[in-house]
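In: Predicted structure and sequence below. I'll ask about it afterward.
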Amino acid sequence: MSQFTTPADLRMLADDKWELLSPFSFYVGEPEANEWITVPKGFVTDLASIPRILWPVLPPSGEYAKAAILHDYLYRYGRKGRRYADAVFYEAMGVLGVARWRKWLLYAAVRSFGGAFYKGS
């Protein structure tokens, strides 16, 4: 079962930029999958890339922030494609207990608008 295996230890660099102070890991899938995503120390993220006007309802540092860090990392350095990055984001939000409507809304947003930001291979 997917799970976060380390905390997200962050330092604010600016209003919308955060630096990871230690490696951050997420275990993907069932135990036999043996698949880990580790975001390295020093990685800089904006947490959830949400337009400022929506921050009162969907703040970047909401309950889905750890999932957003993974998503940012996979969008920048992922090797399994954008669809995989978005699926991991959705799954990680579920692990965090994000409400179904919010999880679906954020997932739909990255599927609809994330293509311009994907830099992975």
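Out: Nice, I can see it.
In: and residue 102, what are its phi and psi?
Out: phi -70, psi -40 (degrees, to the nearest 10).
In: what sits against it?
Out: By CB atoms under 8 Å, 6 or more residues apart in numbering, residue 102 lies in contact with 58, 62, 64, 93. For every residue, glycine as well, the C-beta is placed using N, CA and C.
In: That one and residue 42: what is the separation?
Out: Separation of residue 102 from residue 42 (CB to CB, to the nearest Å) stands at 29 Å.
In: Just the buried subset of the contacts of residue 102, please.
Out: Among the contacts of residue 102, the ones that count as buried by 16 or more other CB atoms under 10 Å are 62, 64, 93.
In: what's the helix or strand for the first one?
Out: Secondary structure from DSSP states H and E places residue 62 outside every helix and strand.
In: give me every residue that touches it.
Out: Neighbours of residue 62 in contact, by CB under 8 Å, 6+ apart: 48, 102.
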